[in-house]
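S.K.: One predicted model, sequence on top.
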Amino acid sequence: MNKVLKCDKSIIANDAKVNHGEDLVIALEEELANAYEDKAERANELVVANKEKTNRAKELIIANKELAFQNSEKEKRVAELIIANKEKKKRADELIIANKELVFQNSEKDKHAKELIIANKELAFQNSEKEKRVAEFIIANEEKENRAGELIIANKERQEANEYLENLFNFANAPIIVWNNQYKITRFNKAFELLTGRIEEDVINKSLKILFPPATRESSMEIIKNTLEGKKMEVVEIKIVHIDGSVRTLQWNSANIMSSDGRTFVATIAQGHDISRRIIAENEIKKMNETLEQKVSERTEQLEAANKELEAFSYSVSHDLRAPLRHISGFVDLLNKNNSAQLDSEGLRFLNIITESVHEMGNLIDALLTFSRLSKTEMQRVKINSKSIVNRALKTFSDELTGRIVKINISDLPDAMGDENLINQVWVNLISNALKYSRNKEKAVIDIGGKVENGEVIFHIKDNGAGFDMKYADKLFGVFQRLHKASDFEGIGIGLANVNRIVMRHGGKCWADGEVGKGATFLFSVPNN
Amino acid sequence: MKTEIKRILIVDDNPKDIELTIATLAENHLANDLVIAEDGEEALDYLYKRGKFANEDGFPVVILLDVKMPKMDGIKVLNTSAPMLNLSLFL
C-alpha cells in the first residue's frame, strides 16, 4: 500500500517539475519579446531625434557625436544583449532538452507506475490469499484446540490406564521384571519379591545376575542375551534363586522395548511362570510311568500265566468233562450189548435218551472249547479278499444245498483287514444260519454284500427264512441263546456268539435286522485299517 | 490155528476207563495177556522190571498210554522210556 502512495507522490512531483519548466520557457520568451520591442521603439526615437539633431545639426554636431558615441555604446550593448539573448536561447534549448529528458523520465516513471500498479494488484491478490490462509489457520487452530481438548481427555484416560497397568504390574501373580540394555533391573514386581525374597529397592539398578543360582548364572545370562537378539517373545526355562538358597524353575516370556525410532533396544520386560511344581509333577509322572510300565509288564506276565492256565483249563475241561461222558456212553454201550435182553422196551428207550444226552453234552463241551479258544488264539491281520473267502465258505455247504432251491446273490464285497481263519469262521457261521433258517422256504434267497463306510467295511447277509422277533435281537449274539425251538431248528446257540466274539476282536461290531417269517439280515463291520 | 498171545500194557489212572478198555479189547479177542499200570511211574516200573513188577518178565507189543495222569503224565513216560523202546507211536 505504501509503495503505491509513494509512487503517486512521485508522479505528482514530476508533474510539478514539468509545469515549472514550461513556465520558465514562457517567461524567457516574454522577456525576449519585450526587449525587442523596447529596442525598436528606441531606434525610432533615435531616428526622430536624429532628424531633430540634423535640424539642430550645428547645434548638435557635438551632441551628435556624443550621441553617436552613445549609440555605438548602446549598439555594443545591443550586441551584448544579443549575445545574452543567444545565451538565453541556448539555455532555453537546454531547458527543452531537460524538459524532454524530464518527459522521458516521466514516461519511464509512468511505466514504472504501471508496473507498480500491477505489482500492487499482485500484492493485493497475495494479500487476499494470505487473508484466506489466515482464515484457514484460524479454523486449523480451532481444530487444534479441539484436538488439544481430546488429548487432555486421552491423557487422563492414559493416566488411568497407566495406573491400571502399574497395579497390574505390581500385583500380578506372575513375577514380572524389566531390565535395561545394561541388563540392570529397573522394575521388579511383588510376585518377584515373593519369589526371590528380595525387595524392589534392593535390586533396582543391580545386574540381573543376582537372580540366578551360581551354577546356572552364566548360562542363564547367555540365554537371555541370545533371546534378546531375536525380537520375538521367546519361551525359555530359567532358574531363579531365593535368598534362602532354594531354586525355582520358571518359564519365561520376554519382549524387547525399543526406542521410538524402533532401532535401539532400551529395555526388556519379562514375565515368568513358575513351573517348579510342573517339573516335580513331571518327575512324579515319569516315576509313575516307570512304575506303571513295571506293573504292565508284571500284569502281562500274570496275563500270560493266566492264559496258560486257561489253556490248561480248556484242556482240562476237554479231558476231564469228557472222561465221565465217555464212561457214561461206554457203559451204556456195554449195557446195550451185554444186558439188553434183561431190559424191556422202556429201559431201552431210557438208554437211547442217555446216549443222545451224552452226545449233546459232548457237542456243548466242544462248542464251549471253541468259543474260549476264539478269544485266545493269536490274530494275524492280513488283507482279506472277501470274494474268495465268501466263495470258500459257500463251498463247504455244497452237501446242504443238494435237493434245495437256493438263490445266492453276491454283490460288491470290498476287501477287509483281518485274521483270515477267524473271518472265515464268521462267514461259515452266518451262511450256515442263513441256509438253516431258510430251509423251509420253497425257494431260498440269500443276498451277500458289503460296502465301505466311515473307514470300515460293513458286510451283510440277508435271507428270506424264518426271521426273528426284533425284541429278542439283543439275545441273538449271546452264548447258548436260542430264539427257535430245538425241534424246529437244531443247534446249541453258539454260532452267533462266536461271530460276535471274532468281530469284536477285530474292533468291529455285529447287529441284525429281522421279522418273524420274513427273514433276517445279519451285519458286521470290520475297521478298514 | 494157534494164535500167539500178544501182551498189552494198559496205563491209565481211571479204573472206569480201564474197564471200558478191557471190555473193548475183550470184544475184539485181545484181552488175553494184559498188564495194568495205574499211573506213569507204575508203567515205568513195569518196563524196567522194578518195584512190584521186579519179578515179572516179558514185554508188551502194545502200550495203551493215557496222557493225563497224576504224578507222571504219559508224555513223560514216553520221554523216559523211549531209549529202551523200539516203538511205533500212535496218538
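M.R.: Alright, I've got the coordinates.
S.K.: Report whether the expected contact of A:V479 with A:G495 is present.
M.R.: No - counting by C-beta atoms under 8 Å, A:V479 does not reach A:G495; the two are 10.4 Å apart. C-beta: built from backbone N, CA, C; applies to glycine.
S.K.: So which residues of chain B form helices?
M.R.: Counting by DSSP state H, chain B has helices at residues B:15-27, B:40-48, B:74-81.
S.K.: helices and strands of the chain: which one bottoms out on pLDDT?
M.R.: As the question left the chain open, I've gone with chain A. helix A:2-55 (a mean of 76; mean pLDDT, DSSP states H and E).
S.K.: that's the wrong chain, I meant chain B
M.R.: helix B:74-81 (a mean of 88).
S.K.: Just give me the neighbour total for the residue in chain B that chain A sits nearest to.
M.R.: Nearest residue of chain B to chain A: B:L20, at 4.0 Å (C-beta to the nearest C-beta). By other C-beta atoms under 10 Å in any protein chain shown, the residues close to B:L20 number 19.
S.K.: where's the residue nearest to it when sequence neighbours are not counted, which helix or strand?
M.R.: Leaving aside its sequence neighbours, B:L20 sits nearest to A:G330 (C-beta to C-beta, 6 or more residues apart in numbering or on different chains; 4.0 Å). Using DSSP states H and E, A:G330 falls within helix A:322-338.
S.K.: since we're on the closest residue to chain B within chain A, how many residues are nearby?
M.R.: Relative to chain B, the nearest point of chain A is A:G330 (4.0 Å; C-beta to the nearest C-beta). Counted by other C-beta under 10 Å, the residues lying close to A:G330 total 18.
S.K.: ok, now which ones touch it?
M.R.: By C-beta atoms under 8 Å, 6 or more residues apart in numbering or on different chains, the contact set of A:G330 is B:16, B:20, B:23.
S.K.: Would you mind listing what in the stretch 301-450 of chain A touches chain B?
M.R.: The stretch 301-450 of chain A comes close to chain B at residues A:315, A:319, A:323, A:326-327, A:330-331, A:334, A:337, as judged by C-beta under 8 Å from any C-beta of the partner chain.
S.K.: First-to-last residue distance for stretch A:177-184?
M.R.: Using C-alpha to C-alpha, to the nearest Å, one end of stretch A:177-184 lies 10 Å from the other.
S.K.: What's the mean pLDDT across it?
M.R.: For stretch A:177-184, mean pLDDT rounds to 88.
S.K.: Beyond whichever helix or strand A:N429 is part of, next helix or strand please.
M.R.: A:N429 belongs to helix A:420-437 when assigned by DSSP H and E. Using DSSP H and E, the helix or strand that follows helix A:420-437 in sequence is strand A:444-453.
S.K.: Around chain B, pick out the residues from the stretch 151-300 of chain A.
M.R.: Counting by C-beta under 8 Å from any C-beta, the stretch 151-300 of chain A has no residue next to chain B.
S.K.: which residues in the stretch 151-300 of chain A form helices?
M.R.: Secondary structure of the stretch 151-300 of chain A (DSSP state H, counting those that start in this stretch): helices at A:190-196, A:200-203, A:217-229, A:276-316.
S.K.: Show the pLDDT at the residue of chain A most remote from its centre.
M.R.: Distance from the C-alpha centroid of chain A peaks at A:K58, with 147.7 Å (C-alpha atoms, centre = their mean). On pLDDT, A:K58 comes in at 72.
S.K.: That one falls within a helix, correct?
M.R.: Yes - counting by DSSP: H, G, I helix; E, B strand; the rest coil, A:K58 is part of a helix.
S.K.: All the strands of the stretch 401-529 of chain A, in order from the start?
M.R.: Assigned by DSSP state E, counting those that start in this stretch, the strands in the stretch 401-529 of chain A fall at A:406-410, A:416-419, A:444-453, A:456-463, A:510-515, A:519-527.
S.K.: Residues contacting the fourth one, please?
M.R.: Meaning strand A:456-463. A:386, A:413-416, A:430-431, A:433-435, A:437-438, A:444-452, A:508, A:519-528.
S.K.: Repeat that for the second one.
M.R.: Applying C-beta under 8 Å, 6+ apart, the contact partners of strand A:416-419 are A:379-384, A:386, A:423, A:450, A:457, A:459, A:502, A:506, A:526-529.
S.K.: please redo it, this time with the cut-off set to 6 Å
M.R.: For strand A:416-419, the surrounding residues in contact (C-beta atoms under 6 Å, 6 or more residues apart in numbering or on different chains) are A:379-381, A:383-384, A:386, A:457, A:506, A:526.
S.K.: before we move on, what about stretch A:304-323?
M.R.: A:365, A:369, A:372, B:68.
S.K.: In PyMOL, how would I select just the buried ones from the contacts of strand A:416-419?
M.R.: A single PyMOL command selects the buried members of the contacts of strand A:416-419 (16 or more other C-beta atoms under 10 Å in any protein chain shown):
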select buried, chain A and resi 381+384+386+457+506+526
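S.K.: Can you convert the contacts of strand A:416-419 into a markdown table and add a column each for pLDDT?
M.R.: As requested, these are exported to a markdown table (pLDDT from 0 to 100):
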| residue | pLDDT |
| --- | --- |
| A:M379 | 84 |
| A:Q380 | 88 |
| A:R381 | 90 |
| A:K383 | 93 |
| A:I384 | 93 |
| A:S386 | 94 |
| A:V457 | 95 |
| A:H506 | 92 |
| A:V526 | 94 |
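S.K.: pLDDT below threshold where in chain B?
M.R.: Along chain B, the parts satisfying pLDDT under 70 run over B:1-3, B:87-91.
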